[in-house]
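Colleague: Need coordinates for the below:
(chains A and B)
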Amino acid sequence: MSNEQIVFLLLFLAPVVSSIPIALAYKSKGWTDKLPYLSVFGIFISVVMSIYILINLEGQYPYPWIPDLGINFVFMIDYLSSYMGVVTAVIAFFIAIYGLDYMKGDYRPSWYWFCFNLFTASMLLVVYSDNLFLLFVGWEGLGAASWGLIGHWFRDDDDIAYVGKAGRKVGPLEFSWPPSFGGWRAISTIRFGDVPMFLAIAAIWVFAGTLNISEIDWHTLFITLGAAGTIILMVCLLMGLFTKSAQFPFSEWLMTAMTGPTTVSALLHSATMVAAGAFVFLKLTWYIEPWHLHDVPGLEYVFIFVLAIGLLSGFYGALCGTGMRERKVLLAASTMSSIGLMFAAGATSYWIDIEVAGMNLALLVAFWYMAIHAFAKASLFLVAGHLIHGTHSRFLCGDLEFGKRMKTAFAVTIIASSFLVGIPLLTAYWVKSSMDVLYEHLWLHHDMLWPIVLLIVISLLYSAVLAKFLSLNFIKGEKPEHEHLEGGGLMKLGYVLMVAMLFVISCGIIIFEEAAHFRHAGGEAMSIGVGLAILAVFLVAVYKPSISALSRFGSFLSDRMYLPYLNDYILPKIGFFISHILDDYVNPAIDGLFNTKVIPGLFGWTSRRVRAIQSGYLSRYINIVLGLVMIILVIVVILVRGVWQ
Amino acid sequence: MIMLYVLLLPLIVVCIAPLLSSKKATYLSAISFLVPFFAILYCILKGCTPEISIVTLSAPIGEIYLNFDYIGHAFGLTICIVSAMVALFALPYMVHRFGEMELNVESEFKKYIFLYQFYAVSMLWLVYSGNLILLYVFLEIALITAFFLIYFYGYGNRQWVGQLYLIWSLIAGVLALAGIIIIGVTNGTLALNALVPPFATVGMIAWTLIFIGMLIELPVLGPHVWLPWAHAEAPTPLSALLSPLTVGLAGYVLLRIALIDYSFIAAYRMPILIYAIFSSIYAGFSVFKQTDFKRLLAYSTVSQMGYMLVALCLGPFGLVGLVIQYMSHAFGKSILFSSAGGIIAVHHGLRDLNKMGGLHDSVPAISNAAVIGFLNLGGMLTIGMIGEFFILRGVVETFLIPESPSFLGWTGSIPILLAVIFMFILSVWYGFYTVRKVFYGKPKDTKRLEISRYYYVPLFIIGIVSVLLVFPPLSTALIPGLNSLIQTLMQLQVAAVGGVLP
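Modeller: Now for the predicted structure:
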């Protein structure tokens, strides 16, 4: 076995194997208290391996699986995957450390750690895989594990795990969701996109003759398919990515996924699951190289579609976030918004043919934004979890006095939120500046004004959302009803480590060759202007985080503009109506026809008639004989007439 | 030759097992299926596909032999592991059932294990039968033994349900027999190795008879109404074989006939496909309204059998998908029926979904096993995933490749694509909907029950097998073997017709 083989085996199997003992020992409390450390160690091995891969490996590593059919273990170590692998593993590791404290005394630790580690391994598979089938294995693993994690608190007995206020009705629908429902909704939404994606992969298998993303001749493939084929194939593929990444209108599952433990929200909804959709989009675009494919009919529509959905989701998420009052749901909405920006930035690559260090600028921007967002958002989620622990409330609360007592959390929140929104000179600012340049390019050279307008609006709203989170948790919020702040050492360690990574990325922006454009764009007048506007909005929102005059509009926004009606009311009503018709009318009808009424009845009737013949009454026999004679006569007459003529 | 002895082993156990005590008989039964299981695994890995001749009769029967090809191996593997594990599961369950029916446990168990073993072994022999008449004989044995099991040990109005099952199955069997006889008379043989294109043909009448018979056996929408009765009221170990293994064998028969002559399917592809998709979606929607757990699973079987019929219409890749779909459904459904049985045994006959909810607290192991079962049905992370992939490839090959006779083009095939996609989505929807309804939510009782290991360990073993089959070395050996066998037989037909068939 070669060195690389061992590295890959350890990378993917260590998390899974290390969590098998705890899964088996589910009955023993003594063991389930100790074995989580082993699970965390498994993730640590993945971290080491991913760093090893980043430093030492490059290119494609194929290993046979079903070679005759092109299904193989093919790993691609390129720019995207090598960095994303480290990001994923490191974030999972930090969250796992945090989880050691957070999940202490939970009623289902075996389930939690097994799903958590399975999830991490699946995500790594998605990141490194070059073979679409292998990628889809990881993809399904994400779906299944996320279902388990979101619905972890399956008993639905603790209000702290709900989303929405219990008993609050909006029209006929109760806006309150328990964890078991959150899990179900997640997997049902995701599955809605996965099957079309799988179909698209099958079509690529047929038409391209290979499943390896880097080996597919995308240009020939698209030309063979024609405009309609290209659009349908890409839309099928994108269905999987959009549902996974909770883009509009598939965003509801992400909001109700906040019923899971906070560690889960942090892992799934910052760097991994929801980012997986955007990441796969970037990975595909990386090899499709759409900026060279302007002769392919229909491809431009696909990218305009992605751009539009991304920006729409970005706008929708940020706008809804401004009205939200639940800690994690607010962060979820802002995550949706960020993922939208990643999709949109990636989609601009169709028009942007600017190379930086041999790579497409648009993809670089999207990718760097993804990395920054991952660490910043994970930190915020982890802080939110600690706050929920500390205050026993899912809702935004905490005044300055509270903030002073939670100094670490306060400081981490300030750093994470300000670094993420794009305040000048702070980490995300540089990447956002390049993003501004991309959209400016679309406006100036391709007559598309709407993207840049939307981008600026989203950036400002986004800044307001995170400022509100900061302010209402630590500065201007209500005084929490309960406070118990002791302990939580590992939790603090988790989010401090997490937020520290933002400084590491800042160093990357200063040093790396491919970040040259970021540094350059940060100095442009437009970027500075947008950055200052973001800063102004941030400060204003910290100062005045809620406006009581707008509270009705705010609750419309925090109800996600009544999008839950689509998921929870209209679609189930249709589905159950069909079920009702089929099972209450059609099935009994068929059953009645064959098994219980008509045909058995006919048999019974015939049988009774036949038996009635042998009754013994003379009159009946005479009747039968006379009847037969009459029939024979009639036949004879008919026949004779026939012969006569 | 060794394979013949391996297959004889469970057949011998049919006679021995009733002589032993219930526990010994159960273990003997399980071992008698595990030995062939490992032998088949070995065969798959080594690529050995022998044919063992038993006797050659005059026309129209021809050679009777055992046909150990990859298709047989795939089905045989499934039947062995499921039968072995369900045999173990059945030990505490049937003891509990006899107690419930106030029967003498030891003496009834002898009767039961004889029927069970005979039933399972007849299915195993069926898939290795190299002659259609032999195949028919084993089909009938399976039907009759299953009938007795329902009749003796079923729930509710079991005698009526048993008769219902028998009548429907006999209709199916007689139609199939008529078709088989026609094949025999026209071709002069019923041996599968002689019924090879381009010499062999299956006429329209024979195809129609077998097809209708097997539609009843599968079953699809229309004749499907016998199945919820039979599966719901059968004793659970029987349900756990009847639904996963037996009904799917109708798909096996159709597959064998299709590999002799695909022309019937090619001629009526669209109507069959639409019917199959409609049937699958119909049954999928019916699942949501069921209040009896076993009846719910029965409707899900109807839905899954729709997948198999869809796969039948989709050319060689679809046929490979059919085989894998059978395996995945068998694994999933045997786990699910067994978990339903576990709940019945542990919770004193609890079957009503409205009284369930939060059961994960009292029976976590059974609940987790059920999740694996539903993952199998949905084709997530288990062997079903590969099956789904082949079926989807079949869709692409059939409707989107310009050379295909059913070419519709991308825009033209949108309705079919959407329908197939929806069909696949539906099984995960109802699966996890059911998991939530049965196992999650506010528990009525948070006390963890101590339950016998027989109720869940066998289920996890099936689950592990279903996951292992996705990965090397098993899939590396099995899938290409299946694929090349089916592709070769289909190519022969194409050559015979002289065109591009499917």
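
Colleague: Packing partners of the helix or strand that residue B:435 is a member of?
Modeller: Element membership for residue B:435, per DSSP states H and E: helix B:414-439. Packing partners of helix B:414-439 (3 or more CB pairs under 8 Å, 6 or more residues apart in numbering or on different chains; DSSP states H and E): helix A:179-208, helix A:218-244, helix B:269-287, helix B:293-312, helix B:364-378, helix B:383-399. Heads up, the C-betas are built off the backbone N, CA and C, glycines and all.

Colleague: Is there proximity between the third one and chain A?
Modeller: Yes. Contact between helix B:269-287 and chain A, assessed by CB under 8 Å from any CB of the partner chain, occurs at B:282, B:285-286.

Colleague: Please name the nearest non-neighbouring residue to residue A:599.
Modeller: Spatial nearest neighbour of residue A:599, chain neighbours left out: residue A:593 (6.4 Å); criterion: CB to CB, 6 or more residues apart in numbering or on different chains.

Colleague: quick one: which of the helices and strands packed on helix B:414-439 is nearest residue A:331?
Modeller: Residue A:331 lies closest, by CB to CB, to one member of the helices and strands packed on helix B:414-439: helix A:179-208, at 15.2 Å.

Colleague: buried stuff in that closest one?
Modeller: Going by neighbour count (16 or more other CB atoms under 10 Å in any protein chain shown), the buried part of helix A:179-208 is A:179-208.

Colleague: Show me which positions of the helix or strand where residue A:322 lies end up buried.
Modeller: Here residue A:322, judged by DSSP H and E, is contained in helix A:299-323. When burial is assessed from 16+ other CB under 10 Å, helix A:299-323 yields the following buried residues: A:299, A:302-303, A:305-323.

Colleague: distance of the residue nearest to residue A:599 from residue B:218?
Modeller: Per CB to CB, to the nearest Å, residue A:593 is found 19 Å from residue B:218.

Colleague: picking that back up, and the helices and strands packed on helix B:414-439 as TSV, adding distance to residue A:503?
Modeller: Formatted as TSV, the helices and strands packed on helix B:414-439 follow (distance: least, CB to CB, whole Å):
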stretch	distance to residue A:503
helix A:179-208	33
helix A:218-244	30
helix B:269-287	52
helix B:293-312	53
helix B:364-378	42
helix B:383-399	42
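
Colleague: Ranking by neighbours, what's the top pick from the residues of helix B:269-287 next to chain A?
Modeller: residue B:286 (27 neighbours; other CB atoms under 10 Å in any protein chain shown).

Colleague: Next, residue 35: phi, psi?
Modeller: In the absence of a named chain, chain A is used. phi -70, psi -20 (degrees, to the nearest 10).

Colleague: now swap in residue B:362 and tell me
Modeller: Dihedral angles (degrees, to the nearest 10) for residue B:362: phi -90, psi -30.

Colleague: wait, doesn't it sit right on residue B:438?
Modeller: No. In this structure residue B:362 lies outside contact range of residue B:438 using CB atoms under 8 Å: 11.6 Å.

Colleague: Count residues in the vicinity of the residue nearest to residue A:599, would you?
Modeller: Applying other CB under 10 Å, we find 15 residues neighbouring residue A:593.

Colleague: The closest residue to chain B within the stretch 451-600 of chain A: neighbouring residues, count only.
Modeller: Residue of the stretch 451-600 of chain A nearest chain B, by CB to the nearest CB: residue A:583 (3.9 Å). Residues lying near residue A:583 (other CB under 10 Å) number 19.

Colleague: residues in contact with it?
Modeller: B:285-286, B:288-290 (CB atoms under 8 Å, 6 or more residues apart in numbering or on different chains).

Colleague: And what about residue B:198, helix, strand or coil?
Modeller: Following DSSP: H, G, I helix; E, B strand; the rest coil, we place residue B:198 in the coil state.

Colleague: Flag every residue of the stretch 51-200 of chain B that's near chain A.
Modeller: So the stretch 51-200 of chain B meets chain A at residue B:164 (CB under 8 Å from any CB).

Colleague: which ones are touching the residue of the stretch 51-200 of chain B found nearest chain A?
Modeller: Of all residues in the stretch 51-200 of chain B, the one sitting closest to chain A is residue B:164 (5.9 Å; CB to the nearest CB). Shown in contact with residue B:164 (CB under 8 Å, 6+ apart): A:595, B:226, B:229-230.

Colleague: what do you get for residue A:347?
Modeller: With contact set as CB under 8 Å, 6+ apart, residue A:347 has these partners: A:285, A:303-304, A:306-307, A:310, A:362.

Colleague: quick one: it from chain B, how far?
Modeller: 22 Å (CB to the nearest CB, to the nearest Å).

Colleague: Distance check, that residue against residue A:359.
Modeller: Applying CB to CB to residue A:347 and residue A:359 gives a distance of 16 Å.

Colleague: What of residue B:22?
Modeller: 69 Å.

Colleague: Counting neighbours, go ahead and name the busier of these two.
Modeller: Of the pair residue B:22 and residue A:359, residue B:22 is the one with more neighbours under other CB under 10 Å, namely 21 against 17.

Colleague: So what's the residue count around the closest residue to that one other than its chain neighbours?
Modeller: Spatial nearest neighbour of residue B:22, chain neighbours left out: residue B:109 (4.2 Å); criterion: CB to CB, 6+ apart. A total of 25 residues lie near residue B:109 under the criterion other CB under 10 Å.

Colleague: tell me which residues of the host helix or strand of residue B:109 are tucked away?
Modeller: Assigned by DSSP H and E, residue B:109 falls within helix B:105-128. Buried positions in helix B:105-128, judged by neighbour count with 16+ other CB under 10 Å: B:108-110, B:112-128.

Colleague: I'd like to know which elements the following helix or strand past it is packed against.
Modeller: Sequence-wise, the next helix or strand downstream of helix B:105-128 (DSSP H and E) is helix B:132-153. Helices and strands touching helix B:132-153, by 3+ CB pairs under 8 Å, 6+ apart, are helix B:70-100, helix B:105-128, helix B:158-187, helix B:236-241, helix B:247-260.
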